[in-house]
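Prediction below, plus the sequence it came from.
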Amino acid sequence: MEQLLVLMMENPNLNSLGQNLQTLRLAQGLSLSQLASNAGIAKSNLCRIEQGEGNPTIETIWRLAVQLKVPFGDLIAGSHEFLGEDGIQVKLVDQGADDPRVDVYWMSCASNTTKDSEAHTHGTTERLTLISGELWVGPTNAMTRLTAGDTFTLHGDQPHCYQTKDQGATLMLVITYPKQQDAP
């Protein structure tokens, strides 16, 4: 079972991501070139992602979500795979349908891992509860140490960092997106 889990994390099926990405891009009337440029990635890479190929990083998927003004979960919805890179694995557990939008993720950080995260959509918050291990989290200049059972909320719309030392960490991450403005 452990070997299967490792295989799933190394070779995720990206078809759902590609289909979701293309649907959202087209619904907003954006060309591949426009979205690629806005997200700071090569058009050829975006094309491969939409085709269910390539190997996008979690940060690349976040950039695309921010540019499309949609929650991260909208891009990976339908994927029952773990997405991972450099010692970090995430999996969408549940998506909310209310306003504000709330998504829940399972996240694992290997020991001696640092994950710098760019700012997400304005008004986004991240609330995490550490299930096991030890984790430092927050803005890089003000990290907070968490141990199993601790809960911490941070402003996801500011650059932040997740870091482990000798011990890995498992956590539940709840991302709350800002309430949508009512249309005039």
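Structure received.

Would you mark the buried spots in the longest helix belonging to the chain?
Counting residues, the longest helix in the chain under DSSP state H turns out to be helix 15-27. Within helix 15-27, the residues scored as buried using 16 or more other C-beta atoms under 10 Å are Ser16, Leu17, Gly18, Gln19, Asn20, Leu21, Gln22, Leu24, Arg25. Where C-beta positions appear, they are placed from N, C-alpha and C, glycine not excepted.

Lowest-confidence member of those residues, which is it?
Least confident entry in the buried residues of helix 15-27, by pLDDT: Ser16, with 88.

coming back round to it: now the buried residues of helix 15-27 as JSON lines including distance to Arg145?
Shown next, in JSON lines, are these (distance: C-beta to C-beta, whole Å):
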{"residue": "Ser16", "distance to Arg145": "36"}
{"residue": "Leu17", "distance to Arg145": "33"}
{"residue": "Gly18", "distance to Arg145": "38"}
{"residue": "Gln19", "distance to Arg145": "40"}
{"residue": "Asn20", "distance to Arg145": "36"}
{"residue": "Leu21", "distance to Arg145": "36"}
{"residue": "Gln22", "distance to Arg145": "41"}
{"residue": "Leu24", "distance to Arg145": "37"}
{"residue": "Arg25", "distance to Arg145": "40"}
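
Determine which two of the residues you listed are furthest apart.
Ser16 and Arg25 (14.7 Å; C-beta to C-beta).

who touches the longest helix of the chain?
Identification of contacts with helix 15-27 by C-beta atoms under 8 Å, 6 or more residues apart in numbering yields 32, 35, 46, 49-53, 56, 61, 64, 68, 70, 74-79.

Tell me the buried residues within these.
35, 46, 49-50, 56, 61, 64, 68, 70, 74-77, 79.

And the pLDDT at Leu46?
Reported pLDDT for Leu46: 95.

brain fart, Glu85
86.

Just give the nearest non-adjacent residue to it, would you?
Thr57 (5.1 Å; C-beta to C-beta, 6 or more residues apart in numbering).

Pull up the gap between the one you found and His155, please.
Counting by C-beta to C-beta, to the nearest Å, the gap from Thr57 to His155 is 22 Å.

List the contacts of the helix or strand where Gln89 lies.
Using DSSP states H and E, Gln89 sits within strand 88-95. Strand 88-95 has contacts (C-beta under 8 Å, 6+ apart) with 9, 58, 71, 73-74, 76-77, 79-84, 101, 103-110, 113, 115, 162, 172-173.

Out of these, which end up buried?
9, 58, 71, 73-74, 76-77, 79, 81-84, 101, 103-105, 107-109, 113, 115, 162, 173.

Keep only those of the residues you listed that are in strands.
The strands, defined by DSSP state E, take in Leu83, Gly84, Asp103, Val104, Tyr105, Met107, Ser108, Cys109, Lys115, Tyr162, Leu173 from those.

Closest one of these to Thr147?
Cys109 (13.6 Å).
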